[in-house]
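Participant: I need the structure of the sequence given here:
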Amino acid sequence: MSNSKKFDIRLIEDGATWTAQITRRKTSKETIISKSQDGFASETEAKAWADIELVSFLATITARNKRR
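Facilitator: Below is the predicted model of the structure:
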């Protein structure tokens, strides 16, 4: 997982399914959901998806920031 304080993952249980979210800290009190996917059967599946997506999400943002 990343050492970034700005981006993190959140796992939420919705009855029998799990939702994985990539969150971004806008301010110290406000959090924004940058990417989300639901329908996972277990917490481990949701965590695995979130970890992979967070790495690719941060790589995309890093590349975009270097172009600017």
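Participant: quick one: the helices in this protein, in order.
Facilitator: Applying DSSP state H to the chain gives helices spanning 43-67.
Participant: any weak-confidence spans in it?
Facilitator: Applying pLDDT under 70 to the chain picks out residues 1-4.
Participant: what residue is smack in the middle of it?
Facilitator: Centroid-nearest residue in the chain, with CA atoms, centre = their mean: residue 22, separated by 1.8 Å.
Participant: ok, it touching residue 6?
Facilitator: No. With contact defined as CB atoms under 8 Å, residue 22 does not reach residue 6; the gap is 11.0 Å. (Glycine included, C-beta is placed from N, CA and C.)
Participant: so what sits against both of these two?
Facilitator: With CB atoms under 8 Å, 6 or more residues apart in numbering applied, the contact sets of residue 22 and residue 6 do not overlap.
Participant: still on that earlier bit, the residue nearest to the centre of the chain - nearest residue in space that isn't next to it in sequence?
Facilitator: The shortest distance from residue 22 to any non-neighbouring residue, by CB to CB, 6 or more residues apart in numbering, is to residue 35 (4.3 Å).
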